[in-house]
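Undergrad: one predicted model, sequence on top.
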Amino acid sequence: MKAASNPIQVPAGAGRPAKEWKFSDILASDPRIRQKWEKVRKYFFLRESTYDMTRKCNIRCEGCYYYQGEKAGATGIEDPEQWRRLMEKEKQRGITYVVLAGAEPSLVPELLDVCHDRIPLGCIATNGLIPIDKKVDYRIHVSVWGNDATSQQVRNAENMLSRQIQNYGNDPRAVFVYTFTRHNIGEAGEVMDQLAQNNCRATFNMFSAPAGYAGGLAHDAQSLEKTRQTMEEIGRQYPDHVIFSPYHRVVHTHRLGLHDLFSCPYPRANPSTDIGLGRSFRQYRADLTWKRDTACCVPDTDCADCRHYAAGSAVVTARMFRHAACPETFAAWLDYVDVYLAVWVRGYEKSPDLCDQHTAPPAHHLF
């Protein structure tokens, strides 16, 4: 996962190309661009939806998305037959990838098995305190919010990182997701050191405030910059254990949120039902219902503050044509998609980055 030996050079502050490029000319400009394009385009068949598997959880975290809004009151359905019928219908309407989440999916193991049996590609978002049967061969994202002292404070769980590593260390399904808040930036290095010592791989997330959140975890300009610097330092120190790219650092720590940078395509923010996520995406609640006006990957997040890693995986990857403006910007987008697939798809391995510098998002300034 080290950077390419001859990275593509990116002019500082580039937001608009100096000339108009044809897509075929961008691919022909560098054989590494064409090679990574051919690699990632094989996965364009992925069509996702997300599912709240249960309203139960074994811990309570400050700023938890699940316990915000109407969905927290949904009556959980834990009948495997009803879930099996739902998965069959999802397959029929073209869904090829499932994200199983809140509250805590590991508390309903039979339902995980049912989903995997019907749709074999997917991911489970878990707090990692309960092992998930290895026959459920999805990616498993283990959420980390700091060292054990911080987890005790904001998640009410003792020795959390040690228990997570005990359950998922050396598990090829697992990616540990370190969520940067305003207050845990300085702990990321010691956490990453512990993860690397136990052969765990990690990626980064940004705390994105739920609507109406008034706590102290939300980012400000100073913490965004400090987080970006910390991400870069840790990535340089643990290149074989961190799954991230320079373009991730830019778009997830930018002063603008993902929606303002790229226009979120999820139904909650996108009225169009013609193509893409606006047509296919649904976010099912624990009672197996869904609502278009609240459907996104992290419901009840304040859209203006959304820098969530899961949102970026769809919001940025969906904007291929905006990035296909010049070789430099398209190379940064390819690095982003390469990381997205490595984090979310079992068996996909990240390639060396094409860009080792920060690239400005299309039509925006760097940071």
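TA: Nice, thanks for sending it over. Numbers count the residues shown, from 1 in each chain.
Undergrad: show me where the stretch 1-150 of the chain has strands.
TA: Along the stretch 1-150 of the chain, counting by DSSP state E, counting those that start in this stretch, strands occupy 48-52, 97-101, 122-126, 139-144.
Undergrad: now for the second one, which elements pack on it?
TA: Same thing as strand 97-101. Other elements packing on strand 97-101 under the criterion 3 or more Cβ pairs under 8 Å, 6 or more residues apart in numbering; DSSP states H and E are strand 48-52, helix 109-118, strand 122-126. To be clear about C-beta, it is placed using only N, CA and C from the backbone, and glycine gets the same treatment.
Undergrad: 6 Å instead, please
TA: Applying 3 or more Cβ pairs under 6 Å, 6 or more residues apart in numbering; DSSP states H and E, one finds that strand 97-101 contacts strand 48-52, strand 122-126.
Undergrad: got the ones you listed as TSV, with mean neighbour count columns?
TA: Conversion of the helices and strands packed on strand 97-101 to TSV gives the following (neighbours: other Cβ atoms under 10 Å):
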stretch	mean neighbour count
strand 48-52	23
strand 122-126	24
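Undergrad: how about the ones you listed, which one is nearest His364?
TA: Proximity to His364, assessed across the helices and strands packed on strand 97-101 by Cβ to Cβ, is greatest for strand 48-52 (25.9 Å).
Undergrad: lowest-pLDDT helix or strand in this structure?
TA: Among the helices and strands of the chain, helix 276-280 carries the lowest confidence by mean pLDDT, DSSP states H and E, at a mean of 86.
Undergrad: can you give me the buried ones in that helix?
TA: By 16 or more other Cβ atoms under 10 Å, the buried positions in helix 276-280 come out as Leu277, Gly278, Ser280.
Undergrad: likewise for stretch 260-278?
TA: Buried residues in stretch 260-278 (16+ other Cβ under 10 Å): Leu261, Phe262, Cys264, Pro265, Tyr266, Pro267, Arg268, Ala269, Asn270, Leu277, Gly278.
Undergrad: give the contact list for the spatially most central residue of the chain.
TA: The C-alpha lying nearest the average C-alpha coordinate of the chain belongs to Ala310 (Cα atoms, centre = their mean; 2.8 Å). Ala310 sits next to Cys297 when contact means Cβ atoms under 6 Å, 6 or more residues apart in numbering.
Undergrad: where along the chain do the helices fall?
TA: Using DSSP state H, the helices found in the chain span residues 23-29, 31-40, 80-92, 109-118, 148-155, 160-168, 188-197, 221-237, 246-253, 258-262, 276-280, 309-315, 320-323, 327-344.
Undergrad: what does the last one rub up against?
TA: Residues outside helix 327-344 that contact it (Cβ under 6 Å, 6+ apart) are 8, 10, 26, 29, 33, 36, 40, 43, 123, 139, 175, 203, 243, 245, 247, 313, 316-317, 323-324, 348, 350-351, 353-355, 359.
Undergrad: between that helix and strand 48-52, what angle do the directions make?
TA: Helix 327-344 and strand 48-52 are oriented at 40 degrees to each other (axes from the mean of the first three to the mean of the last three Cα atoms, to 10 degrees).
Undergrad: so how far is helix 327-344 from its chain's centroid?
TA: 13 Å (Cα atoms, centre = their mean, to the nearest Å).
Undergrad: next, the angle strand 122-126 makes with that helix.
TA: Angle, helix 327-344 to strand 122-126, by the same axes, to 10 degrees: 70 degrees.
Undergrad: now the nearest residue to Pro271 once chain neighbours are set aside: how far from Ser208?
TA: Leaving out its chain neighbours, the residue that sits closest to Pro271 by Cβ to Cβ, 6 or more residues apart in numbering is Gly278, at 7.5 Å. Separation of Gly278 from Ser208 (Cβ to Cβ, to the nearest Å): 21 Å.
Undergrad: so can I have JSON lines of the helices and strands packed on strand 97-101 showing distance to Glu190?
TA: Shown next, in JSON lines, are the helices and strands packed on strand 97-101 (distance: least, Cβ to Cβ, whole Å):
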{"stretch": "strand 48-52", "distance to Glu190": "32"}
{"stretch": "strand 122-126", "distance to Glu190": "22"}
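Undergrad: can you redo the ones you listed as a markdown table with mean pLDDT and distance to Ala196?
TA: Below are the helices and strands packed on strand 97-101 laid out as a markdown table (pLDDT from 0 to 100; distance: least, Cβ to Cβ, whole Å):
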| stretch | mean pLDDT | distance to Ala196 |
| --- | --- | --- |
| strand 48-52 | 95 | 30 |
| strand 122-126 | 97 | 21 |
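Undergrad: quick one: closest of those strands to Ala218.
TA: Across the helices and strands packed on strand 97-101, the minimum distance to Ala218, taken as Cβ to Cβ, is reached by strand 122-126, at 20.5 Å.
Undergrad: pull up the pairing partners for that closest one, direction included.
TA: strand 97-101 (parallel), strand 139-144 (parallel) (DSSP bridges).
Undergrad: could you dump those strands to TSV with distance to Met192 and mean pLDDT?
TA: Listed next are these as TSV, based on distance: least, Cβ to Cβ, whole Å; pLDDT from 0 to 100:
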stretch	distance to Met192	mean pLDDT
strand 97-101	24	96
strand 139-144	9	97
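Undergrad: out of the ones you listed, which is closest to Leu112?
TA: Counting by Cβ to Cβ, and looking across all of the strands paired with strand 122-126, nearest comes strand 97-101 at 6.4 Å.
Undergrad: any idea how far the closest one is from the chain center?
TA: Strand 97-101 sits 12 Å away from the centroid of its parent chain (Cα atoms, centre = their mean).
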